[in-house]
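> take a look and give me a structure for this.
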Amino acid sequence: MTAVAEASRVPARTGSTQPFAGTGTLLRLALRQDRLMLPAWVIVLGAVTVSGASSIEGLYDTAAKRAELAESMATNGSLRAMYGPVFSDSLGGLVAWRFGGFIAVLAAVMSLLIVIRHTREEEETGRQEMLSSAALGRRAPLTAAMLTALIANAGLALIVTLGLSGPTGSATGAFALGLAIAGIGMLFAGMAGIMAQLTESARLARGLTAATLGTAFALRAAGDASATDGGSVWTWLSPLGWAENVRPYAGERWWVLLMLGAAVLVQGSVAYVLAGRRDVGMSFLPTRPGPPEGKITTASGLALRLQRGALMGWTAGFFVAGVVFGGMAEGAADIVGENEGAREIFERMGGQSGLTDAFLAAIIGLCGLVAGLYAVSSVLRLHGEETSQRAEPLLANAVSRGGWAAGHLAIAFGGAAVIMTAAGAGLAIGHGRDTGTLLGAALVLLPAVWLLAALAFLLYGLLPKLAAAAWGVVGLSLAIGWIGPALDLPEGVLNLSPFSHLPKMPGAAMSWPPALILTASAAALVAVGLTALRRRDLHS
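Next comes the predicted model:
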């Protein structure tokens, strides 16, 4: 609370004519709050992009191999939908193709989380009202949040530029790629700023911004699947399509960066206009009233109502992703060809089986890693309910802490099973293969997902101030599962992820001991977390 107390002592020299007063103080507060999360995001994303150069150079070490890869992409619409078209067969061009789009998406996620955390979430928890009791300008919180996002994206662009200039031999291409990634990050920071003004809930603001990002990815994928040069109308309707059409290492189009900059300015202007026309805690979109009295009679029913929208969105997203990736499975051989290095990476991700089975297992593994994000988010809803002081009046009635927590845990654990089932069903439909095989392959990863959720609950119950550290554990698992095989990390490092202990299906035989041990471990962590939650005071 020391940093918040310091921020509340903004000099009383502002009024309605000083809309940006206190911005510097709030910026220092935001950077202090994000002193761990922000560097972790920037360094990890930058390191993944820079390490991609050595990975691709090791796999495609001759100009002929790189040209063959670029040519195969021109004839494979499914893989273009996933990664985008290849504009250059140089090392830098392949790095931009393979990593640019995904890192841009993650930069957008980083930015929307930063902006909403320091705007709508501060209002939702009541901290912003306390700060505004001092002489604080109306637009100061939004400005501080946007500047924090700008610092993060600028740092990421700097790492990409400096890290790729040497290995790829082109500082210009590296600079263009860094700016394209940072531009997407700031574009969705602006979108998050708008959603923070429109909605009354940080969760809804994050969900709507993420839905916009998902729509942008879908438009870009549809456009690139239909055109080999990134020139489809659908591609240009997506800001992610703009980023790929900057064409780093392939005759850079600097004017596309001007489009990104103009879009950021427009969105920022809209957010600032909205921020100046509402009171703290209010929103432009009205909150729907709850159901008539008596409709929700249990804590579990309340948890389901609070989280059903997120569960339906995740389920639909996993099903669509399953259908798309299932249709790509047969085309996996096109990207690998005769390249033994690429084949080894697929096998490290998906197991020592046929290439198609290895590809499917790798995709299922990535779905499991992303499902961990859902499970942790669902568990940490408990923390949000507590810190926003909605849990205390509920528990003042005839509702036990264990019953209240159990409702949210049921959504987290059961919801993970639902979305993984959707992923397996989508893969089966897209690939046209036996449904039971792929459903079983998806569900076998649930013990690892449950373990991540259980760890988040343990942190929440035992050390609520450190509950957010659960995101770091999920991020580590995601990084190990995504880039570990490509970098050929030691087995000891790979085993830090619970997913590495489960069989890679389809292709591998089922092994019950690891699944049972992970499930028992998750149950034990939940039990300890419940005990700790019953014994500690509620945080307000």
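
> pLDDT below threshold where in the stretch 351-500 of the chain?
Low-confidence segments of the stretch 351-500 of the chain, defined by pLDDT under 70: 351-355, 482-489.

> element containing Leu162, please.
Per DSSP states H and E, Leu162 falls inside helix 140-168.

> right, and the helix or strand after that helix?
Next along from helix 140-168, by DSSP H and E: helix 171-198.

> what helices or strands is that following helix leaning on?
Judged by 3 or more CB pairs under 8 Å, 6 or more residues apart in numbering; DSSP states H and E, the packing partners of helix 171-198 are helix 91-95, helix 101-117, helix 140-168, helix 202-226, helix 239-244, helix 254-275. All C-beta spots, glycine's among them, are computed from the backbone N, C-alpha and C.

> distance between the second one and the chain's centre?
From the chain centre to the centre of helix 101-117 is a distance of 7 Å (CA atoms, centre = their mean, to the nearest Å).

> dump the residue contacts of the residue nearest the centre of the chain.
Centroid check for the chain by CA atoms, centre = their mean gives Val109 as the closest residue, at 5.2 Å. Val109 makes contact with Phe188, Ala210, Leu213, according to CB atoms under 8 Å, 6 or more residues apart in numbering.

> wait, what's in contact with the closest residue to Ala417 other than its chain neighbours?
Distance criterion CB to CB, 6 or more residues apart in numbering; nearest residue to Ala417, sequence neighbours excluded, is Leu446 at 5.9 Å. By CB under 8 Å, 6+ apart, the contact list for Leu446 reads Gly368, Ala416, Ala417, Met420.

> tell me the pLDDT at the residue lying closest to Phe188 once chain neighbours are set aside?
Spatial nearest neighbour of Phe188, excluding adjacent residues (CB to CB, 6+ apart): Ala108 at 3.8 Å. Looking at Ala108, its pLDDT reads 92.

> and Ala108, how many neighbours?
When neighbours are counted by other CB atoms under 10 Å, Ala108 registers 29.

> touching, it and Gly185? I think so.
Yes: at 5.7 Å, Ala108 counts as touching Gly185 under the criterion of CB atoms under 8 Å.

> helix or strand with the lowest mean pLDDT in the chain?
Within the chain, no helix or strand scores below helix 2-8, which has a mean of 45 by mean pLDDT, DSSP states H and E.

> under the pLDDT cut-off, which ranges of this structure? List them.
For the chain, the ranges with pLDDT under 70 are 1-17, 76-79, 125-126, 128-135, 279-295, 330-355, 482-489, 539-540.

> before we move on, back to that, export the helices and strands packed on helix 171-198 to a markdown table and tack on distance to Ala532?
As requested, the helices and strands packed on helix 171-198 are exported to a markdown table (distance: least, CB to CB, whole Å):
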| stretch | distance to Ala532 |
| --- | --- |
| helix 91-95 | 46 |
| helix 101-117 | 26 |
| helix 140-168 | 32 |
| helix 202-226 | 25 |
| helix 239-244 | 43 |
| helix 254-275 | 39 |
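
> and of these, who's closest to Ser388?
Minimum separation from Ser388 across the helices and strands packed on helix 171-198 (CB to CB) falls at helix 202-226, 9.1 Å.

> just the buried ones among the contacts of Val109, please.
Phe188, Ala210, Leu213 (16 or more other CB atoms under 10 Å).

> looking at the helices and strands packed on helix 171-198, which is closest to Tyr60?
Going by CB to CB, the one of the helices and strands packed on helix 171-198 nearest Tyr60 is helix 91-95, 6.8 Å.

> mind giving me the packing neighbours of the closest one?
With 3+ CB pairs under 8 Å, 6+ apart as the test, helix 91-95 has helix 37-59, helix 63-74, helix 140-168, helix 171-198 packed against it.

> ranking those by burial, who's on top?
With neighbours defined as mean count of other CB atoms under 10 Å, the helices and strands packed on helix 91-95 peak in mean count at helix 171-198, which reaches a mean of 26.

> next one: that one to chain centre, how far?
15 Å.

> between it and helix 101-117, how big is the angle?
Helix 171-198 and helix 101-117 are oriented at 40 degrees to each other (axes from the mean of the first three to the mean of the last three CA atoms, to 10 degrees).

> check the gap between the residue nearest to Ala417 and Ala453 for me.
Remark: distance between Leu446 and Ala453 (CB to CB, to the nearest Å) = 10 Å.

> what residues sit buried inside stretch 525-540?
Leu525, Val526, Gly529, Leu530, Ala532, Leu533.

> excluding chain neighbours, what is closest to the last one?
Spatial nearest neighbour of Leu533, excluding adjacent residues (CB to CB, 6+ apart): Gly461 at 3.9 Å.

> what about the one you found, how many residues nearby?
Neighbours around Gly461, by other CB under 10 Å: 25.

> chain center to the helix or strand where it lies: distance?
Gly461 belongs to helix 446-462 when assigned by DSSP H and E. Centroid displacement of helix 446-462 relative to its chain, using CA atoms, centre = their mean, is 18 Å.
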